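[1] A structural model of the following input is requested.
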Amino acid sequence: MTSSLMAGAIAPCLLLAVPATAQSDPPHPAATVIVTGQRARPSLDDKAGAASRLPLSIRETPATIEILGQDELQRRGLRTAREAFDQVVGAIAGNVPGNPAVVSMRGFAGNSVSILQDGVRLAASTVTQRDGNLWHYDRIEVLKGPASVLYGEGALAGVINKVTRKPVLGERHIDMLLSGGSFGTIYAASGVNLPISATTAIRADASYQRSDSLYDVDHNASFSAGLTASALFRPSDRLSLLVAIDHFEDRYDATYQGLPLIPGRYALDPSDAVRTADGQVVDRSLRRRNYNPRGAWSGADETTVRSRLDWAMGDGWTFALDLTGYTADRAFLLADTQRFVAPDAARPQGGFAQGYQDFRHDQHFWNARGAIGRDGQVAGLRHRVTLGVEHNETDFTSLRRQSPVGTLPIVALRDPAVIAVPSGPGVFTSDITFRSKLNQSSVFAEDAVNLTPRWLLVGGIRWDHIALDRATIQNRSGAVERHRPTFDPVSWRAGTSWEAMPGVTLYAQYTTAVSPVSTILLASITNSRFRLTHGRSYEAGFKAGGWAGRATVTGALYHIVQDDILTRDPANPTLSVQGGRQSSRGGEVTAEVVPLPPLRLSTGIAYVDARYDQLSELVGGVRVDRSGNRPINVPATTLNASASYTLAPGVTLAGFLRHAGAFYTDTANTIRVAGHAVLDASLSWPVGPHATVTLRGRNLTNRFYGEYSGYPSTNIYIGAPRSFEIALAARL
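    Purely as a prediction, here's the structure:
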């Protein structure tokens, strides 16, 4: 579906936003967000679907859980997945071209954080995740720490679950959001909830965003769009059926992968935002330059069809069946490597020699999951149990063509000429196709027993059978290499929570996880022959709420270890072997308090000590020890803080502070990106009884800072400069 078609699909929803009679605001949390923007975060007594398949509250679950509801997303002015993930306490996110909205959390990054769509893992997050519009999600649930017991391989550092908006019975309302701002950015979204009968309701949402560049970079126009619709049928209190379809697409022109480092002596305006052992710097004067060829682009087109059946069978027994089908086409065309070339007579400015890649994904996936559970009494004790099975199949074809540095013409440093993408026979020195069929069958169980009304024991176990049929095809010669590895991992967790006093719960948990050495669907034949890595985590913490619901404080300490990562064979450094180890230990504290009715304060502070405990690499034919170094894109500290004050009815002034400490872009820890703090602010006021206008400023201090590292370690994403936006939100 093209962007013009998506825009056409949005228009009817926007036109519906003028009904003859306005409805009073219903209590549905996703619907009240836009006008008020003042609802508190979810209560500790709310459920978090990503954290357990048992009916446990956040307070009862022995793990760290964070929820960003649609109201909170709107209050903070968050538009895309990357912006939301970057707001998670203890996490940072980036937009690496092949991995949009990639997340680093609790000392691990990339595939170590699983990203779900309505509780289903479609594939590794670095394969499926896009930087899509947030309008379509009722909430984003974050479960921190290993979660293989719930979702299979991966999920060593945690899980992010994007929960789409669902129909609500008996409600008729329309939500709308229009905004425009810096860098030619416009955003339009609308949603409608319609009751069809007393037992049936439908909901549809559409969104469209376009920008000259979200990072204010040359030749980097983008758009993202979504269209979601669902129908809910609930003939009785005991039975409900949800059927939904979601379509998302996005495109980025002249794919951008960060600002390349250059030797300091050639910089006109060197910045201390990055420091390297060999004197390379980021040059502020190149802030907007994009060295990718015109015609390079990246994008995705994906559609999901799903259904959910819930049946309360009686006597505490329940049954749930989830069916999901997913298809996606993705493309990544870009200059994947950029190497600085010193000035000479032909190029007095210097420039960059570049390689080029053309990667494509064609993915088809389906998943079926059934679970039966009971909430009842056993020997006089409350006992909640779930037993289930899951099966999914993936057909994945990836064309992967790549050329070395020097394939593209050298582009000038300060005035890069617009060059065409390479074409013709012999351009790509590597031209292969991966064809993979991945089948996974799982059996899982969870159990929670109240030994006393205040003391809960929780356990879970999962067995997976994973079978990969991989063919690597050399497109020129037709040669095929096949490999059919299988894995049968078992993951488990055990934890406890105890209400030490009214409103204060203490908890502890031990969890295990498994993860491949690289993405299963994209792993080379060599890497797919390695066994799965194993992880384990210890966590203890507290959750407290009080002061008549006006204060919530949570805290956690954790230690995560991952064994069997790839390292170099001490006896033969040219060989990669398993035997390395990576770990992290740290703590997090979050707090939200309303000291006065008009004033709301919140903060989240995280610290992590992450390191490679055992790791060596091959550099120039020599084995080099990296043990003790910090993993890439992992800052030691992060801080989120916000304050909002209601000056008058409906008039709210808010400020938002985001800090991330320094991080490294390479395992040698020779390229250090300095820490940064970014300040945003907003002022909202009502216009009529059902609409609100918000004026928002982002990065008000115009901080020049590194946000994340790109494909080569010498490319740094620079955060967007100061920008402004005005938005109109309405609910009718």
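
[2] For residue 92, list each beta-bridge partner.
    Judged by DSSP bridges, the bridge partners of residue 92 are residue 104.

[3] quick one: it and residue 101 touch, right?
    No. Using C-beta atoms under 8 Å, residue 92 is not in contact with residue 101, being 11.3 Å away. Bear in mind the C-beta positions are built from the backbone N, C-alpha and C, glycine included.

[4] contacts for stretch 700-711?
    Stretch 700-711 is contacted by residues 92-98, 102, 257-258, 271, 273-274, 282, 284, 287, 336-337, 632-633, 663, 665, 671, 673-674, 676-681, 715-719, 721-722 when judged by C-beta atoms under 8 Å, 6 or more residues apart in numbering.

[5] pLDDT below threshold where in the chain?
    Judged by pLDDT under 70, the chain has its weakly predicted residues at 1-41.

[6] Tell me where it has helices.
    Across the chain, reading from the start of the chain, the helices by DSSP state H fall at 3-15, 29-36, 70-76, 81-85, 125-128, 148-151, 525-528.

[7] With adjacent residues omitted, what lies nearest to residue 210?
    Counting by C-beta to C-beta, 6 or more residues apart in numbering, residue 210 lies nearest to residue 223, which is 4.3 Å off, once chain neighbours are set aside.

[8] neighbours around the one you found, how many?
    Neighbouring residues of residue 223 were enumerated by other C-beta atoms under 10 Å; the total is 19.

[9] mind listing what it touches?
    The contact partners of residue 223, by C-beta under 8 Å, 6+ apart, come to 3, 208-211, 250-251.

[10] in stretch 284-299, what counts as buried?
    Residues of stretch 284-299 classed as buried by neighbour count (16 or more other C-beta atoms under 10 Å): 286-287, 289-293, 296-299.

[11] which residues sit in contact with residue 272?
    With C-beta under 8 Å, 6+ apart as the criterion, the residues that contact residue 272 are residue 674.

[12] ugh, wrong one, I meant residue 57
    With C-beta under 8 Å, 6+ apart, residue 57 has these contacts: 44-47.

[13] Repeat that for residue 544.
    Counted by C-beta under 8 Å, 6+ apart, residue 544 has contacts 503-505, 552-554.

[14] Now do it against residue 251, distance only.
    Residue 544 sits 46 Å away from residue 251, taking C-beta to C-beta, to the nearest Å as the criterion.

[15] Can you tell me the closest non-neighbouring residue to residue 556?
    Taking C-beta to C-beta, 6+ apart, and ignoring the residues beside it in sequence, residue 556 has residue 541 as its nearest neighbour in space, at 3.3 Å.

[16] Report the beta-bridge partners for that neighbour.
    Beta-bridge partners for residue 541, by DSSP bridges, are residue 507, residue 556.

[17] In this structure it contacts residue 586, no?
    No. The pair residue 541 and residue 586 fails to qualify as a contact (C-beta under 8 Å) at a distance of 11.8 Å.

[18] Residues that sit against both of the two, list them.
    Common contacts of residue 541 and residue 586, defined by C-beta under 8 Å, 6+ apart, comprise residue 557.

[19] Neighbours of the residue nearest to residue 245 when sequence neighbours are not counted, how many?
    When the adjacent residues along the chain are set aside, residue 245 lies closest to residue 305, with 5.2 Å between them (C-beta to C-beta, 6+ apart). One way to gauge burial is a neighbour count; for residue 305, by other C-beta under 10 Å, it gives 15.

[20] any idea how far residue 297 is from residue 305?
    Using C-beta to C-beta, which is the criterion applied here, residue 305 is 27 Å from residue 297.

[21] One more: residue 139?
    The span separating residue 139 from residue 297 equals 32 Å under the rule C-beta to C-beta.

[22] just how off-centre is the strand of greatest length in the chain within its chain?
    Longest strand in the chain by number of residues, with DSSP state E as the criterion: strand 381-412. Put simply, strand 381-412 sits 14 Å off its chain's centre (C-alpha atoms, centre = their mean, to the nearest Å).

[23] Does anything pack onto it? Which helices or strands?
    Judged by 3 or more C-beta pairs under 8 Å, 6 or more residues apart in numbering; DSSP states H and E, the packing partners of strand 381-412 are strand 351-378, strand 430-452.

[24] List the beta-bridge partners for residue 614.
    As for beta bridges, residue 614 partners with residue 581 under DSSP bridges.

[25] Now do the contacts for it.
    For residue 614, the contacting residues are 567, 579-581, 627, by C-beta under 8 Å, 6+ apart.

[26] filter those to the buried ones?
    In the contacts of residue 614, burial by neighbour count holds for 567, 580-581, counting by 16+ other C-beta under 10 Å.

[27] so how many other residues sit close to the closest residue to residue 108 other than its chain neighbours?
    Among residues not flanking residue 108 along the chain, residue 157 sits closest, at 3.9 Å (C-beta to C-beta, 6+ apart). For residue 157, the count of nearby residues is 30 (other C-beta under 10 Å).

[28] cool, residue 372 as well?
    Neighbour count for residue 372, taken as other C-beta under 10 Å: 16.

[29] which residues sit in contact with it?
    Contacts were defined as C-beta under 8 Å, 6+ apart; by that measure residue 372 touches 317-319, 386-388.

[30] what does residue 668 give?
    Applying C-beta under 8 Å, 6+ apart, one finds that residue 668 lies in contact with 617, 624, 626, 629.

[31] Buried ones only from those, please, as a PyMOL command.
    In PyMOL, this line selects whichever of the contacts of residue 668 come out buried by 16+ other C-beta under 10 Å:
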select buried, resi 617+626+629
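
[32] so which of the contacts of residue 668 comes closest to residue 232?
    Taking C-beta to C-beta as the measure, residue 232 lies nearest residue 629 of these, at 51.1 Å.
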